[in-house]
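Participant: Based on what follows, work out the 3D shape:
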Amino acid sequence: MYAHKPFSPACEENKQPILSVLAPLLTDARSVLEIGSGTGQHAVHFAAAMPLLRWQCSDVPAHLQGISAWLDEAALPNTPPAIALDVDGDWPAGPFDAVYSANTAHIMSLIQVETMFRGVGALLAPGKLFALYGPFSDHGRHSSDSNARFDAYLRQNDPNSGVRDLVDLKRFAGEAGLSLVDDIAMPVNNRTLIWRRDPAPG
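Facilitator: Numbering: from 1, shown residues only. Purely as a prediction, here's the structure:
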């Protein structure tokens, strides 16, 4: 193991449950953009399990070295070098058949979450999917006491962060041309939200 290789226990615990959700949805996909790859653990696990899928990692520049440590050690043929992506900046041109992001919405500001949806909507072709994993509330109601405590902790440390509400996400998605097609319960009170790019008007 690389001395500088980051490790997230949460990623280790949730990688297989998330893969079980993603794999059936991505059977026809050939390229995925991951927004906020974090440590790189998900990318290595998913790319190894889906060898026909090109898994493109991305994150803010500060995280790229750690992601590269995971990708370099795994040496998989379907994980190109990670790219820098700040949702407020320039987005890659693609093409991508799907977009995936885990545990990012609650550490972004609400405006950045809206920007992310707008970017995803512009990137995906009609019918293509965006999978968003994490804790979410619904009409201000948390799914568990632990999520409520987590939300309070996030907001105390950074008032711009916080567990995001489905009401806001559906509004952002609608404005970006995306529709919620599935809401899948996951372990530890998380969810995987599956959004589909709507057909172009006319």
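Participant: For the protein, give me the ranges with low pLDDT.
Facilitator: 1-3, 201-202 (pLDDT under 70).
Participant: Please settle this for me: is Gly121 part of a helix?
Facilitator: Yes: assigned with DSSP: H, G, I helix; E, B strand; the rest coil, Gly121 falls within a helix.
Participant: Nearest spatial neighbour of it, chain-adjacent residues omitted?
Facilitator: Once flanking residues are discounted, Gly121 sits nearest to Ala176: 3.0 Å by Cβ to Cβ, 6 or more residues apart in numbering. Heads up, the C-betas are built off the backbone N, CA and C, glycines and all.
Participant: Measure how buried that neighbour is and give me the count.
Facilitator: 22 (other Cβ atoms under 10 Å).
Participant: How about the one 5 residues further on?
Facilitator: The local packing count at Val181 equals 12, with neighbours defined by other Cβ under 10 Å.
Participant: Same check on Lys5?
Facilitator: 17.
Participant: try Val21
Facilitator: Using other Cβ under 10 Å: Val21 sits among 16 other residues.
Participant: Could you number the chain from 6 rather than 1 from now on?
Facilitator: Understood, numbering begins at 6; the last thing we discussed is Val26.
Participant: Relative to Arg35, how far out is it?
Facilitator: 19 Å (Cβ to Cβ, to the nearest Å).
Participant: Where do the helices of this protein begin and end?
Facilitator: Here the chain has its helices, by DSSP state H, at 14-30, 46-54, 69-79, 115-128, 150-162, 171-180.
Participant: for the ones you listed, which one ends up most surrounded?
Facilitator: helix 46-54 (a mean of 21; mean count of other Cβ atoms under 10 Å).
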